[in-house]
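S.K.: Okay, here's the prediction I keep looking at, along with the sequence it came from:
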2 protein chains.
Amino acid sequence: LTPLAFTSNRVQRLRKLVNEKSERTRENAFVVEGETLIRDAVRAGCVVESQFIAPGATAVTGATGEVYDLAEGVIERVASTTNPQPVIAVVEKPRRKHSEISRENDAWVVVADRISDPGNLGTILRSAEAAGASAVFLTPGSVEAYSPKVVRASAGAIFNIPTFESIELETVRSLGFKVLGTSSHPDQNPLDYREADLSGRVAIVLGNEAHGLATSQNFDGWLTIDHSGRGESLNVAMAATLLCFELKRQRDN
Amino acid sequence: LTPLAFTSNRVQRLRKLVNEKSERTRENAFVVEGETLIRDAVRAGCVVESQFIAPGATAVTGATGEVYDLAEGVIERVASTTNPQPVIAVVEKPRRKHSEISRENDAWVVVADRISDPGNLGTILRSAEAAGASAVFLTPGSVEAYSPKVVRASAGAIFNIPTFESIELETVRSLGFKVLGTSSHPDQNPLDYREADLSGRVAIVLGNEAHGLATSQNFDGWLTIDHSGRGESLNVAMAATLLCFELKRQRDN
């Protein structure tokens, strides 16, 4: 087969999947760039639909789907990074239902409420996965979980932890989770996260980087992280890491 | 005064301070971009040598030093970001000596050993500051602590925690710290960080993102963070946050 030109239909579709959320939604697919991440996706059981290969590179073995060679200079015009990886895969988004969430009495989840920075969402996914959360929920208005930046920042965690988008807090509550907000403001009378009882079915809610959580929403309790630094010492990603590992610690004990 | 042109000596010097580590070392100064960070620097007692202001913007009040107006289009050619903040300050690097490090028996520090990513070093500085470390040491080969990217990623923490560059591990040991490495490999027989006794004068050493710590170096003990995820679940920044807050927890109790 001749290597695919930039103007070919397949490459134009790939380019849209890289750049456009609407296309990823319509196709229920997303892109994974680079051998390491593609291997992680395969290992996690994701369905690889196709791989696109720059001249001189090779496809990741063990993946399903078609392999297409790209002509010289094409991957540079398609990839999401300026120094592109030589392999890009199109991967099916997992089709998951809320009903698959663990029904165990001590299952816990993380809710990312209108998180806007892809790097922060990536770290939230990594923290949740590393600490053993059952799922991550994103409320409407959050950055898209399957954007190339978030996939990269999650370092593959997104393949391994069930992730649900456009979920309202009330839906999380209806799944039997106690909904705990996080706040650094004393107004909510938050409990120190290490002293709070985090047992049982708990959802930890992390708020938008600039605006925090809307207190007009209905929370079952509030947590805070005591620190010795100045006001803005911790960002939402650092808070997520500490909270997730406290949930893990309380369950390990 | 006429606003400064791009070719003026003052602007050319500023540009070098933004871009060149050698210039920052020679002048013992660095740049701080944006009103929020400049305010943090002033509040922390840093000496502002000068401020450079884009047309229409105003200088941060309460700072020492000269204020220079920039001609139209100059700040875009000088700033370290593509969407520049309208104020850039030149700030003196604090002149600190090792001997100023707390001599208290339970003072603790963080060592960043050849950390290469500015974002990771920024989070390490934030974590150390937020959890009450006495200092951060950087070994030779680490990314520069006063580069614009690290200053930004530290969100001002660098102004508030004593930071020492080009320090060897043996120097840290000579200050009376027990030197603890961090590792995810079982070879070092690491202790779980939550079960280890972290009391006393302790230095936590975090290793390079790709290579970890050189085991040829002399460590007094090893720590690890147990997690439920896959091998690469935690990066060095997340590990730093968890370790620093465990040191804080053990001291709070």
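M.R.: Nice, thanks for sending it over.

S.K.: Which stretches in chain A count as helices?
M.R.: Along chain A, the segments classed as helices by DSSP state H run A:9-19, A:21-27, A:35-43, A:75-78, A:118-131, A:148-153, A:157-160, A:169-174, A:236-252.

S.K.: a markdown table please, covering those helices and showing mean neighbour count.
M.R.: For every residue, glycine as well, the C-beta is placed using N, CA and C. Written out in a markdown table, the entries for the helices of chain A read as follows (neighbours: other Cβ atoms under 10 Å in any protein chain shown):
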| stretch | mean neighbour count |
| --- | --- |
| helix A:9-19 | 17 |
| helix A:21-27 | 14 |
| helix A:35-43 | 20 |
| helix A:75-78 | 18 |
| helix A:118-131 | 27 |
| helix A:148-153 | 22 |
| helix A:157-160 | 26 |
| helix A:169-174 | 16 |
| helix A:236-252 | 22 |
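
S.K.: which one of the ones you listed lies closest to B:Asn189?
M.R.: helix A:236-252 (20.0 Å; Cβ to Cβ).

S.K.: Can you say which of the helices of chain A is nearest to B:Val109?
M.R.: Closest of those to B:Val109 is helix A:236-252, at 18.9 Å (criterion: Cβ to Cβ).

S.K.: close to chain B, is the closest one?
M.R.: Yes: in this structure, helix A:236-252 sits against chain B according to Cβ under 8 Å from any Cβ of the partner chain; the contacting residues are A:Ala237, A:Met238, A:Thr241, A:Leu242, A:Phe245, A:Lys248, A:Arg249, A:Asp252.

S.K.: Make a markdown table out of these and add pLDDT.
M.R.: Formatted as a markdown table, the entries for the residues of helix A:236-252 next to chain B read as follows, by pLDDT from 0 to 100:
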| residue | pLDDT |
| --- | --- |
| A:Ala237 | 96 |
| A:Met238 | 96 |
| A:Thr241 | 98 |
| A:Leu242 | 98 |
| A:Phe245 | 98 |
| A:Lys248 | 97 |
| A:Arg249 | 96 |
| A:Asp252 | 91 |
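
S.K.: Please report the distance of A:Met250 from chain B.
M.R.: Not quite, residue A:250 is Gln, not Met. Between A:Gln250 and chain B the distance is 12 Å, computed by Cβ to the nearest Cβ, to the nearest Å.

S.K.: Tell me who's in contact with the closest residue to that residue other than its chain neighbours.
M.R.: For A:Gln250, the nearest residue in space outside its immediate sequence neighbours is A:Leu198; the separation is 5.0 Å by Cβ to Cβ, 6 or more residues apart in numbering or on different chains. Residues counted as contacts of A:Leu198 (Cβ atoms under 8 Å, 6 or more residues apart in numbering or on different chains) are A:Trp108, A:Leu180, A:Glu246, A:Leu247, A:Gln250.

S.K.: Which one of these is nearest to chain B?
M.R.: Chain B has its nearest neighbour among these in A:Glu246, at 9.2 Å by Cβ to the nearest Cβ.

S.K.: returning to that earlier point: could you export the residues of helix A:236-252 next to chain B as JSON lines, including distance to A:Gly212?
M.R.: Formatted as JSON lines, the entries for these read as follows, by distance: Cβ to Cβ, whole Å:
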{"residue": "A:Ala237", "distance to A:Gly212": "14"}
{"residue": "A:Met238", "distance to A:Gly212": "15"}
{"residue": "A:Thr241", "distance to A:Gly212": "18"}
{"residue": "A:Leu242", "distance to A:Gly212": "16"}
{"residue": "A:Phe245", "distance to A:Gly212": "21"}
{"residue": "A:Lys248", "distance to A:Gly212": "24"}
{"residue": "A:Arg249", "distance to A:Gly212": "25"}
{"residue": "A:Asp252", "distance to A:Gly212": "29"}
